[in-house]
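**Q** below are the sequence and a predicted model; questions follow.
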Amino acid sequence: MKGKIGVFICECGPNIAEKVDVDKIVDEAAALPGVAFVAKHKLLCSEDGKKFLKEQIEEHGLTRLVIAACSPKAHESTFMKVCEEAKCNSHLFQMANIREHCAWIVENKEAATEKAIRYVKAAWRRVGYHEPLAKKEIAVNPDVLVIGGGITGIEASLLLAHADRKVYLIEKSDALGGKVNEFEKIFKNMENTADMLAGKISDVEKNSAIEVFTNSSIEEVVGFLGNFTVTVNKKGERTEIRTGTIVVATGYDSFDPLKAPKYGYGKVDNIYTGREFEVLNKSGKIVGKDGKTPQSVAIINCVGREEMGYCSGVCCLSSIKFARYIKEKLPETEVVNFYREMTLPDKGYQKFFEDTQEKGVNFIRVKSVTVDNSDKGPMITWQNDNGDEHRNVDMVILSAAMTAVNDAETIADMLKISRDETGFFLEEHQKLAPVSTATEGVFIAGCAQGPKNIKESLVQAGAVAGRILSLLIPGKKLEPEVRTSYISEAYCIGCRMCLEVCNYGAICFDALKHVSVVNEIICRGCGNCVGSCPSGAVQTKQFKDIQIHQEVVEVLR
Amino acid sequence: MKGGILNPDNGFEAAVKNFLKDVMEKADIDALLLPFKNAVGDSFEWRLVTADKLAEASVVPPVIAVNGARALSSITRSGKSAMKIAALMRPCEARAAIELSKLNQCDLEPVVLISMDCPGAMPLQDYIADPEKVEKEFEHAAREWNNELIRPICRMCDIFTCTESTWCDADIHVALPETENNAVAFISNTDKGREVLEKVGIGREEELGDWQKKMNARIEERKAARKKAREELKQHVTGLNSLSDTFGSCINCQVCRSVCPVCYCRQCLFNSVKVHYAPDDYLLQAESKGTMKFTPDTLLFQTGRMTHMSVSCVGCGACEDCCPMDIKVAQIFSIAADETQKLFDYIPGKRDAPPPLRVYNEQELKEYET
Amino acid sequence: MMPQVITIKKSAEEGIKEFCKVLLQSKKVAGVLALTRKNRSAYYSLVTDPAKMDETTPLAPVMPANAATLLSRLTWEEGPPQPIAAVVRPCEERAFIERIKLQQGTFKNLYIISMTCGGVFPLKLLAQGEIENNLPQYYASLNKAETVENIRDVCKGCVHFIPCNADFTIDMLGRNNDSECAMVVNTDRGEELIKGIEYSIEKRDTPLLRGHEDKKMKGLIEHREKVGEQFYGEYHFGEPGMAGLSSALYKCVGCHSCSRACPICYCNLCNFNSEQHDTRFSKFASQLRKSGSVRVPPDTMLFHIGRLNHVSISCVGCGMCEDVCPVNIPLGTLFSEISKALQSIFDYVSGKNPDEDIPVSTFEEEELTQVQ
Amino acid sequence: MKKNVLVIGAGIAGMETSLMLAKAGRKVYLVEKSPIIGGNIIKCEDVFPNLECATCMVSPIQQEVLKNENIDLLMLSRVTAVRGEAGDFTVTVEKKARYVDLVDCIGCGECFEPCPVVLKNEFEQGLMDRKAIYLPCAGSLPNVPAIDTDNCLRFKGEDCQACKEACVFEAINFDEEDETREVKVSAIVVATGFTIFPVAEGGKYGYGSYADTYTSWEFERLFASNGPTGGEIRKKNGEPPKSVAVIHCVGREEKGYCSTICCMSSLKFVHYLKKKIENISVTEFYKDMCSPGKRYDKFYREIESTGVDFKRFDTIEVTSDNGSAAVKYRQNGKEATVSADMVILSLGLEPQRDSKELAEVLGVPCDTNGFFKEENDEYAVVDSTKKGIFVVGCAQAPKDVQTSIAQAQSAAGKILSLL
């Protein structure tokens, strides 16, 4: 056994002491080769206990440590800190959980003691095979690159720039503002968009910390959190940008109604997609292709919902907004809205809906609806409990689902981030981490993450700013995980199974040597790669085969 | 089943060779990978050759000395080249090649993979001992489709051809003469295969009714044989004890894995220092029973190898051919493989089916959840 | 000095078991490594419980693996914590000595029990369950100090059947061991070990164990030298150089079993399995352009030549390589004969003298003048 | 001055904001009125739509909050006064004594048994009892009990110290005193969360009148593995239910808004029921299926595929009908009745009862629904009408965990950027 091993057994008050014969463990441990010192303590995690631990380590010059106490979840970090204070590498330490695994669940005291002894021996044997791991520190670049100059990208850029971060804002079109540009008003308050948007855009233009690239797209991304290099292509002219984090705010596309022929888009006259109608409305005159003012308009919700398999959560409200546009400009025009489920989440929207009903808009729930040409203009056929019904209208508006942008896949590949079955970018955790991704340093916000309305997009923009500001602090170095995986060049045969299973994009393939290589700064030591490598060329520090084997051997002996 | 038909003037071997010649000329292929008898005639070897060497090739050799997939892998595994290759091999070898391509150990892009109806192969060691005798036996076996003479693993092989019921994903499959006029049929399974056949002018699709009937009949026989074999072999592999008896005579030479086409590791985990432990470990282990087999890893190796490769096992029999202790490795592995492959409903050698380990399927292995 | 001889009133095999039992009971050793053969299977056992010695068959004339490899693992790195005894054949012991020179093991806490060796049967015989039937004639020929039929070819040509560095040696050749056997204590540490063990230990001034100078043994050695060469000849390695060599190696399937079974091949990752020997696709293309025909997989010949270079100076001719070869290439004879020639150039005998360095690791002004 | 931040409410949103600010080096005062942290989410066994274990999901965050040195966690506390303006607030926090030492106590629970006072456990919706020294539920964090002084005999003048005697760690200290803290902060985040619509007993939903009618929270606890039945879904008579009616939108008419998450949690209840009880029949009564966002429709389909009867209603009424419940519902003028032996009311979300007072203390208004009012409810939702005061999570409006977290992070973002 290498080094001088110290074994400490915590009684955890009566919790362990009453159910496990601690003295017996002490005796057994003392007899183990390489064990230089054994002691028990009433409560090791207490201030007094930690002091005791530190003193003993120093006094006996212990180089490896076994602590038999509670679950590592509870106090591993506590004791690792003590190790550091006592100048004993905190990775030459192993914890044996003799409380949750023994004292609290094994009735018979002898059995509990026997099990506890095995645990302690296992930890003792394992710790002999531990290797000291040194903390790593890497300098980081605090700048941010934001992809997408829509409302979300703008908001994020402004917040970050205000916190003195250099921001590169990449927009593929020739102007900032994104889809919101097309809207005359925002539901539910029907305020003018222009005022709000124009203000933000001019703020961006005024802010010297924000460098805007219009007509630009990203071409290549290399590096990792704190040290990305992004190649931006502006009309063929390439710029290399070094940045610490990347925000994907690429927004959404609208479902193409041609993919759902039943709505008659393309064959029926005077049929508009929601976005076409926004433009039409913004032009000031709501008229059909024939230039005539419509006497009756049908608004159809959920166009593309079945096809895409999700509810965009916004279309119902846009439809109501469209109805309001019409009622404001053409009070006499009849408006009929065909919907399936009226989705009005959040506290304010039901009222918006009811007010609109009062303005005489007719809402009809349907099971399905189709649009066809007829000599009297577009004909709507809908089905509900009373069977099929028909009517003609002068104009049809299709409120289409929001979908992932068409170049989402390219972007995902470049940034090594995933997409979910809906095609939108996949968040790190669907509940707890909505704006981060599995790739550290790459964030998503707004409709790039999933369909949502303006206020939620803005919230996510703020969230991204928050995540970045609290993650990368100028001058502060990053401490990457030290229990990472590494690949033996000699044994790797380059089957790339590990690349497939790495969630963090931490492994790349060296085509020249024909071997896979782990980037230990990105690696989080999850061990997927180890499991996938048939020849054992991959190992994870602190979880090497030998370490685990030794532990198991001892437990099962 | 449809395919393009060639009417051979002097035997099907010649027909296939002519076909390959055409392929090289008309489908701009630079090289052929084929089995040849070696220089001293005591075994067979793979050679990458130009058209002029075609004559000496043996289209269906009596033994599989080296699995064709390993040959193809060693050529295409590292680096790139403009060279286009047509490779002719048995279905199990072709399937292994496709399996290896999924594991990035073989590049099929520059390869036209051609498989042929396989009457089975003879035990390698028998052939080495007495080539003439075994060659005669093979001729008979191939002519009569006599299952008695061929290797046990071949007797229970039901993917020896390419019909609707038993696919084989080589680009082109060569159907041995079964029609009265001894016609050889060429079936395309992929677009690449289709193009090639069109280029050599046998793209036309003709019905292969009676050939298929005959094959289907044999497939049924083989399926039955396999079922029977499974019943017999089960006892040898159920439970650790029977396993350790079955592999009791294993001397851990690991030739099975080094000749296995899908065991592609550079260094086997079970042949590495990772299975070496400190002397006192061994003593402690021995003490628990008073004695222990030393070194203890033979069974670990066998079961470990099984878990690593059984999803990809094509049952080519290379392992059994080479085992110095005459263990029924191939038969046992192939039966075990059936189970694991069923588990992920995965068919090794099927194109565009990713290896189970690579794909996460929310609904899989539910039965193992608690 | 007067060598001690332990005589046990039992047959040789039972005698060794008895002796090992005593060593275990008296805690002189913590474990014994000995062969166990059960009908078609044979393997080494690490025995710690004296009673379990009965299950072993230390003298079974088979070699499932060369024990030298196992001894390396058993003595890795500073040797076992407590003493261990191992019953091994002379070629296994010699191989282990070579491995020690290559830092792959140590004699520390390890005691070697060996025997004057009658050779072993090929693994095929074991696999076919033919050992039992062959045992009577095996021991018969042994008693007459003659070469046994059906043993490995290399054994038939082996002249190193007398162990040189074993701590204990059972005298087998030219001696009836059915009811009583004698074990010679060759080393001081051997004598140390058996101190305090009650046994009829006689001391005699004339060595009981027949050395190389003994007439019977001389005869056997001379006979075997001829046999070896004869075999070498038979295998038409007759033609010198590549031609002859390749004629034997054509059928190699490149499985590298020989290297894995070889006690001298100690590399973790054989150079010939390493990335350096991956032939790139483009190379095949250029080769094809040159010759119009490329053997695949390539370099199977090169592998054997490379291995000859690497191991022949230490090769002990145990014949494992030949036994595991799936296509029956007579590697054993080939390697042992070539090694014999090579070693004689440096007048070095592999595994004979632990204190003698491997020639490649030494430099002498005056060596290999003939090649200059 | 140091840019400290005050966060009110240690639910999922409050914890997230606090952690982010703390990681960015800000000192955070996290004020929580209860003796534990985690908020409403820890009432749930699983969360929709991924059906992940809620407590397992949240406990790492709780652990982090407890460990983080930049977070000053003030439990059993409430904010009573706020002076000053953005960048320079002075906040008065009144902190009740816990009487159990957070360091010395290891949460062994030895003190519960001897306590003579038996009370209904509010956290468990009164479905089980607790003592005067108590933890709301097993696995509470911090795992340190508190003494309920309104009911503890000692604080009623009797000389009881049963708990103190039972504690081998001498963690209980009756002399601990309430304190009033004044903290200076540059920003305030309100994350006080929500409570559920108080369904009237004996009303049309049969609550109280039909014994086996449960509120969503009661049912969450009924299924919780650390709950009163250890996760066994049982009727009052101890039998497992055979048929269950889940009623959506309870309280929607009254409140006049859709609470966004009830449809999904109602679907989650189906998963609970099917998981525990074989071939149970479940009927979901709903108005409009609210499944916004990229995942919820899929969840809807998945639950539907397990075999559920979905019935749309305009009006609904639950009555007791010899031993089982009769659910009478009307849609498009048509009326029908379904009988069930358990009824679950999926209740709407509403602001915390005390949010009015808090609003006054902070000097910010509430909207007509009683939620905190935003600067602009369409594009500045985490800003209150008063600079420097932010509102996140369900204190602003009903929403799911994902959106709450996003708001929490957003508020942190704005603070780190602007204040």
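**A** Yes, it's here.

**Q** could you chop chain D up by domain?
**A** In the assignment given by automatic domain parsing, the structural domains of chain D cover D:5-95+D:178-193+D:352-418, D:97-175, D:197-348.

**Q** how about the last one and chain A, any contact?
**A** The one in question is domain D:197-348. Yes - interface with chain A: domain D:197-348 contributes D:252, D:256-258, D:260, D:288-298, D:301, D:332 (Cβ under 8 Å from any Cβ of the partner chain). In short, each C-beta sits where N, CA and C put it, glycine included.

**Q** that domain close to chain B?
**A** No - shown here: domain D:197-348 not in contact with chain B (Cβ under 8 Å from any Cβ), separated by at least 10.2 Å.

**Q** figure out the length between the terminal residues of that domain.
**A** Using Cα to Cα, to the nearest Å, the end-to-end distance of domain D:197-348 comes to 5 Å.

**Q** how far off centre is it?
**A** 19 Å (Cα atoms, centre = their mean, to the nearest Å).

**Q** any idea of the mean pLDDT in that domain?
**A** Taken as a whole, domain D:197-348 carries a mean pLDDT of 94.

**Q** and if you look at the second one?
**A** What domain D:97-175 shows for mean pLDDT is 93.

**Q** out of the domains of chain D, deepest packed?
**A** domain D:5-95+D:178-193+D:352-418 (a mean of 22; mean count of other Cβ atoms under 10 Å in any protein chain shown).

**Q** ok, back up a step: who wins for proximity to residue B:224 among the domains of chain D?
**A** domain D:197-348 (39.3 Å; Cβ to Cβ).

**Q** could you list the domains of the chain?
**A** No chain was given, so I picked chain A. A:5-133, A:144-252+A:404-471, A:256-402, A:485-541.

**Q** try chain B instead
**A** What the record gives for chain B is the domain set B:2-229, B:233-359, from automatic domain parsing.

**Q** export those to CSV and tack on mean pLDDT, mean neighbour count and distance to residue C:312?
**A** CSV is the format used below for those (pLDDT from 0 to 100; neighbours: other Cβ atoms under 10 Å in any protein chain shown; distance: least, Cβ to Cβ, whole Å):
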stretch, mean pLDDT, mean neighbour count, distance to residue C:312
domain B:2-229, 90, 20, 24
domain B:233-359, 90, 20, 21
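
**Q** including distance to residue A:165, could those domains go into JSON lines?
**A** JSON lines is the format used below for those (distance: least, Cβ to Cβ, whole Å):
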{"stretch": "domain B:2-229", "distance to residue A:165": "41"}
{"stretch": "domain B:233-359", "distance to residue A:165": "39"}
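
**Q** low-confidence ranges, the stretch 151-300 of chain C, go.
**A** When residues are selected by pLDDT under 70, those of the stretch 151-300 of chain C lie in C:203-212, C:235-240.

**Q** residues of it that sit close to chain B?
**A** Counting by Cβ under 8 Å from any Cβ, the stretch 151-300 of chain C sits next to chain B at C:246-247, C:250-251, C:253-257, C:260-261, C:268-269, C:273-275, C:278-285, C:287-288, C:292-298.

**Q** among those, which ones are buried?
**A** C:246-247, C:250-251, C:253-257, C:260-261, C:273, C:275, C:278-281, C:283-285, C:287-288, C:293-298 (16 or more other Cβ atoms under 10 Å in any protein chain shown).

**Q** from those residues, which are also near chain A?
**A** Checking these against chain A (Cβ under 8 Å from any Cβ), the matches are C:275, C:278.

**Q** of the buried ones among the residues of the stretch 151-300 of chain C next to chain B, which belong to helices?
**A** Those of these mapping onto helices are C:246-247, C:257, C:260-261, C:281, C:283-285, C:287-288, per DSSP state H.

**Q** can you give me the neighbour number for the residue of the stretch 251-400 of chain A found nearest chain B?
**A** Across the stretch 251-400 of chain A, the shortest distance to chain B (Cβ to the nearest Cβ) belongs to residue A:309, at 15.1 Å. Using other Cβ atoms under 10 Å in any protein chain shown, residue A:309 has 14 neighbouring residues.

**Q** so where do the strands sit in the stretch 51-200 of chain C?
**A** Ranges of strands in the stretch 51-200 of chain C, per DSSP state E, counting those that start in this stretch, are C:84-87, C:110-115, C:168-170, C:181-185.
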